[in-house]
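*Asks:* my questions concern the predicted model and sequence given below.
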2 protein chains.
Amino acid sequence: MSIITSVETHDIRFPTSQHLDGSDAMNPDPDYSAAYLVIRTDHEDGLAGHGFVFTIGRGNDVETAAVAALEGHILGLDVEELLGDMGATWKLLAHDSQLRWLGPEKGVMHMAIGAVVNALWDLKAKRAKKPLWQLLAEMAPEELVALVDFRYLTDALTPEEALDILRAAEPGREARTRQLLAEGYPGYTTTPGWLGYSDAKLSRLAREAVADGFKQIKLKVGDNLQDDIRRLRTARATVGPDIKIAVDANQRWDVETAIEWMGHLAPYDIAWIEEPTSPDDVLGHAAIARGIAPIPVATGEHVQNRVVFKQMLQAKSLEVLQIDASRVAGVNENVAILLLAAKFGVRVCPHAGGVGLCEAVQHLSMFDFVSVSGTKDDRMIEFVDHLHEHFITPIDVHDGCYWPPATPGGGSEMLAESLAEYTFPDGPVWTALNRQAAKNAVEAEPTKETVGS
Amino acid sequence: MSIITSVETHDIRFPTSQHLDGSDAMNPDPDYSAAYLVIRTDHEDGLAGHGFVFTIGRGNDVETAAVAALEGHILGLDVEELLGDMGATWKLLAHDSQLRWLGPEKGVMHMAIGAVVNALWDLKAKRAKKPLWQLLAEMAPEELVALVDFRYLTDALTPEEALDILRAAEPGREARTRQLLAEGYPGYTTTPGWLGYSDAKLSRLAREAVADGFKQIKLKVGDNLQDDIRRLRTARATVGPDIKIAVDANQRWDVETAIEWMGHLAPYDIAWIEEPTSPDDVLGHAAIARGIAPIPVATGEHVQNRVVFKQMLQAKSLEVLQIDASRVAGVNENVAILLLAAKFGVRVCPHAGGVGLCEAVQHLSMFDFVSVSGTKDDRMIEFVDHLHEHFITPIDVHDGCYWPPATPGGGSEMLAESLAEYTFPDGPVWTALNRQAAKNAVEAEPTKETVGS
C-alpha cells in the first residue's frame, strides 16, 4: 500500500501576449497559463501524477488556489484504492456537496477537479507503463462504463446503451490500434489564422500548413466583416479548393448576427463555424445551425460539462463536438462526452492549442477511435505550434497527423525547468519582465508627474 | 473626486452543520458562509460598499480569493465615474477577456464579480441615502436599460423591448411605492421543511408559519419517496387546504425520476417543484414541466447567468423564476433577468435564506414590483429565519410579508463584530471548534492506534 503524500501546485504563465499569438475576437492579449499540480506518493517507484488547467492569464492564481483547495480530498489516501476505482474517485471530488455549491459542475472549481482527476490518470498510466490512450483503449467495456457519472444523462444515454456502444467496438480494437500506429490521427492547424497576424503572415503560414500535410486550416473571425472576407479570400487563394477552411468566432455574436455574418462568409466554402455565440446557449446554437445550414456548427472548448453537451446533441446545436482536456472534470467526464457523441453519431474534433492541450487531448481521440466510435472519418485534432517544448512528451505531429505517443502517462507533465522558469510572478521570466516594465514606467514618469501635479 | 482605496476580503463561515439547519437531499451538512468584501474610498463621507458571495462551506476560501483577485480592477479608480455608469462598470469586470476564460460568466469567478458589483451598488445607494430598491425604482427607464449587457440576449429581448416594458410601468410607480409601503411584499417560509428535522419539529414549525401569516411553506424532498409522502401528509394535515405547500428536490433527480416521483406527490396539491434536476438542464426542465403539468416547475438559485435563464423562458422550462442575489453577476444581471421574466410573463419568486440572501434579494423584488413587472400577484420571496442578526439592517418580516427597508444601502452589510467572530479559520468561533475537535480526536486516538498498528 502507498499513500498520497503531497499535492504541489504551480502558477505557470507564458508571456504570449507579447507576440499576439493566440489573439482572437474575444481574447486580444492572452498570456497562456497553467494552474498546474503534481501529486506525489510514498511508493518506491517515485512516480508522480501531473495535471493542469489551461487559462489565459489573469485568474490563473484563483484557479491554482482552487486546485490547492482539493488537496484535503486526496492527501493521505490509499493510492491503489483511488486509482483502482477511478469512477468512485471522480465522485469523491465532484460530489462534494459543499464544493458543488460553487458550480455545480462548472467554472473554476469544476476545472480544478478536472486537473486533479487528470493528474491521477497520468499517475495510473505511468504505473501501468502505458500511454493513457492505450490504457483506456484496453479497459473492458464494463470498466469504462463505471468511470462515468450518469446522473443527469439518462434521458439521453443509459449505462446499458453505453455498454452496448463499447461492446460493439470491442472486436475491432486490435485492428484499429494497428491502423492508428500506422496512419496516425489527422490534425488541422490554427497557426495561420490568429487575428493579430498580417495577411502576408497568414498567407505564408497557410502555405506552410499545406506543405506540412494538413488538410484543414482555421481562421479566427468575428471582429470585422470586411477583414474576415479579405482574409478568407487570401487564405482560399493560397490553399486552393481542396484544403478545408474552418472559421472560429470565439463567442462573438448574438444569434441573428451569427446567421447574417455567416451568410457573407458562406461563398468561401466554410468547413465549420466554431463558437458562433455563448457556449451556454444550447437553443441559440440550434437556431444558428438551422439558419446557416449546411455549414456545420462546432463548439465545445468552453462547454462546461456533460449536461450541456447532452442538450446540444438533443437539440442538434452542433455537428462537430469539440472536447477539451481541461475544461470539464477530467478524463472521466470526457469519456462520458465521447459516449454521448457516439450515441448521437456526431463527430468529435477536439479543441487544442494553449498550453499542453494538444499533449493531453490526443489521448482521448485515439482512445475514441480504438474503443468507442471506431472511426476517424472527418475527424481531426486541432494543432497549434506553441509551447510544446515545455513538455516531457511533446506531441509528435508530422505529415498532417498526430502520431500516437508511446511514453507512459497522460501527456500533461511539464519539464521541471519550465515550471521553475515561468512561475508567476516570482520566476526568472516574470521577474525580468516586471523589472523591464518598472524601468519603462520610471522613464515615462517625469512627463506624467508634470501633467499630474 | 474620490478614489477607491481598499478592497478588503473576509472568509466568513457559520458552523450551521452542527444543527442540520439547511440540510436537503444534496446538501446534508452545509456550513453557511460568505466570501465577503468591503470597498473603501478616500471620500470624507466615510461610506463603504459591502458585498458577498454566499457559499455553504468548503471552497469559501477559493471564492474569497476570486473576489480578492478583482481588486486590481477597481483599486485607485474614480468612485464617481464607477458609480455614475454602473453599466460600464459591470462590463469592466465581466468582459475582462482573461478572466472570462474561467467561465465564461459562470461559477466562482462570475459570482465574485457579482459580489464586487453588489458592493458598488451598496455604496451607490448609501451615497444616495436610499435603500437599493428605491434607488433602482426611481431610475429612468433609459438608465435601467443601460445597466444591462444585452450580449446573447437579443434573440429574446432587445434594448428597445426592455425600454418599452419599463416605460409601460412608469406611470404606476408612485402608486405602487405607496402600496408596497402599506402592504409589504409577500414571503413564504422554508423553515419547517429541512430534511434533518423530525416530523414533530416539521409539524410545530408549520403551525408556527401559519400563525405568522405565511400563505406558503416549502418542504425539501428527494431523498426517500416514502419519507416525502409521510412528511407531505403531516404538513398538509397541519396547515389545512388553504396554505400552499411547495417542494424542493435540490437537483436530486434525472428527468424520468422527477416525473415519476412527482406523480406520487401530486395528490398533496403541490404549489411548485423546485430544482427537480440539474440547473444546467434547460431541456430536461422543459421535459419535466411537460411531464408533470399542471404542477409548476421552479428553478434559478443555481442558474448561472442570464443566458441560461433566457433559454429556460424560451423553452418553457419553468413557471416560477427564482433569482438569487449572489449567484449571477450582481444587481445588473438580475435587472436583465427581471426584464426577461417580464417579457415572457413569468412570475419571479426569489431564492433566499443562507447568509444575507434575504437581506439582499428583497430589494430586487420590490424594485420589480414598482418599476418592472408592476405586480406582486402570486409572487413571494423565500424566507428562512437564519443568521439575520449578523446584518446591520436585518430583514423585517412579519404578518407573512417582507416590509421595505428604509436604511440606505443594498442590505449586504454585516456587523463588524460578526465578521470578527466568524472569520475562518482564525476567528474565535472556529478556533474554539477546532480546539474541541482536536480534543475529541486525541481522546479517540488510543483505540485507533491499537487497531491501526
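*Replies:* Here it is on my side, so go on.
*Asks:* helices or strands next to the helix or strand hosting residue A:260 in the packing?
*Replies:* If you go by DSSP states H and E, residue A:260 is part of helix A:255-265. Counting contacts by 3 or more C-beta pairs under 8 Å, 6 or more residues apart in numbering or on different chains; DSSP states H and E, helix A:255-265 packs against helix A:225-239, strand A:270-274, helix A:282-292. To be clear about C-beta, it is placed using only N, CA and C from the backbone, and glycine gets the same treatment.
*Asks:* buried residues in that helix, which are they?
*Replies:* By neighbour count on 16 or more other C-beta atoms under 10 Å in any protein chain shown, the buried set for helix A:255-265 is A:255, A:257, A:258, A:259, A:261, A:262, A:265.
*Asks:* just put those residues in a markdown table and tack on pLDDT.
*Replies:* Below are the buried residues of helix A:255-265 laid out as a markdown table (pLDDT from 0 to 100):
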| residue | pLDDT |
| --- | --- |
| A:255 | 98 |
| A:257 | 98 |
| A:258 | 98 |
| A:259 | 98 |
| A:261 | 98 |
| A:262 | 98 |
| A:265 | 97 |
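*Asks:* name the residues that touch the helix holding residue A:260?
*Replies:* Residues from elsewhere that reach helix A:255-265 (C-beta atoms under 8 Å, 6 or more residues apart in numbering or on different chains): A:221-222, A:225, A:228-229, A:232, A:247, A:249, A:253, A:270, A:273, A:276-277, A:281, A:284, A:287-288, A:291-292, A:295, B:154-155.
*Asks:* what ranges do the strands span in chain A?
*Replies:* Using DSSP state E, the strands found in chain A span residues A:4-13, A:33-41, A:48-55, A:185-193, A:216-220, A:244-248, A:270-274, A:297-299, A:320-321, A:347-348, A:381-383, A:397-398, A:401-402.
*Asks:* on that earlier part again, out of the helices and strands packed on helix A:255-265, nearest to chain B?
*Replies:* helix A:282-292 (4.8 Å; C-beta to the nearest C-beta).
*Asks:* briefly note if the closest one comes near chain B.
*Replies:* Yes - with C-beta under 8 Å from any C-beta of the partner chain as the criterion, chain B is reached by helix A:282-292 at A:282, A:283, A:284, A:287.
*Asks:* I figured the last one hits residue B:310, correct?
*Replies:* No - shown here, residue A:287 and residue B:310 do not form a contact pair, counting by C-beta atoms under 8 Å, at 11.9 Å.
*Asks:* neighbour count: these two, which is higher?
*Replies:* residue B:310 (27 against 20; other C-beta atoms under 10 Å in any protein chain shown).
*Asks:* now do that one, the pLDDT please.
*Replies:* Here, the pLDDT recorded for residue B:310 equals 98.
*Asks:* with residue A:453 instead?
*Replies:* 33.
*Asks:* again, but for residue A:321
*Replies:* Note for residue A:321: predicted pLDDT of 98.
*Asks:* could you do residue A:189 as well?
*Replies:* 96.
*Asks:* cool, the one 3 residues further on as well?
*Replies:* The predicted local distance difference test score for residue A:192 is 90.
*Asks:* for it, grab the count of nearby residues.
*Replies:* Residue A:192 - counted by other C-beta under 10 Å - has 27 other residues nearby.
*Asks:* identify the residue spatially nearest to it, adjacent ones excluded.
*Replies:* Closest residue in space to residue A:192, ignoring its immediate chain neighbours: residue A:205 at 3.5 Å, by C-beta to C-beta, 6 or more residues apart in numbering or on different chains.
*Asks:* separation between that neighbour and residue A:231?
*Replies:* To residue A:231, residue A:205 is 12 Å away according to C-beta to C-beta, to the nearest Å.
*Asks:* again with residue A:179
*Replies:* Note on residue A:179: its distance to residue A:231, by C-beta to C-beta, is 36 Å.
*Asks:* more crowded one of the two?
*Replies:* For residue A:179 versus residue A:231, neighbours defined as other C-beta under 10 Å are more numerous around residue A:231 (24 against 15).
*Asks:* need the contact list for residue A:170.
*Replies:* By C-beta under 8 Å, 6+ apart, the residues touching residue A:170 are A:141, A:371.
*Asks:* what about stretch A:281-298, average pLDDT?
*Replies:* Per-residue scores along stretch A:281-298 average to 98.
*Asks:* right, and residue A:333 touches residue A:114 too?
*Replies:* Yes - here residue A:333 reaches residue A:114: they are 7.2 Å apart, a contact under C-beta under 8 Å.
*Asks:* so which of these two has more stuff around it?
*Replies:* A count of neighbours by other C-beta under 10 Å puts residue A:114 above the other of residue A:333 and residue A:114, at 29 against 25.
*Asks:* how about the nearest residue to the more buried one, chain neighbours excluded?
*Replies:* Distance criterion C-beta to C-beta, 6+ apart; nearest residue to residue A:114, sequence neighbours excluded, is residue A:330 at 4.0 Å.
*Asks:* count the neighbours of the one you found for me.
*Replies:* Per other C-beta under 10 Å, the neighbour tally for residue A:330 reads 30.
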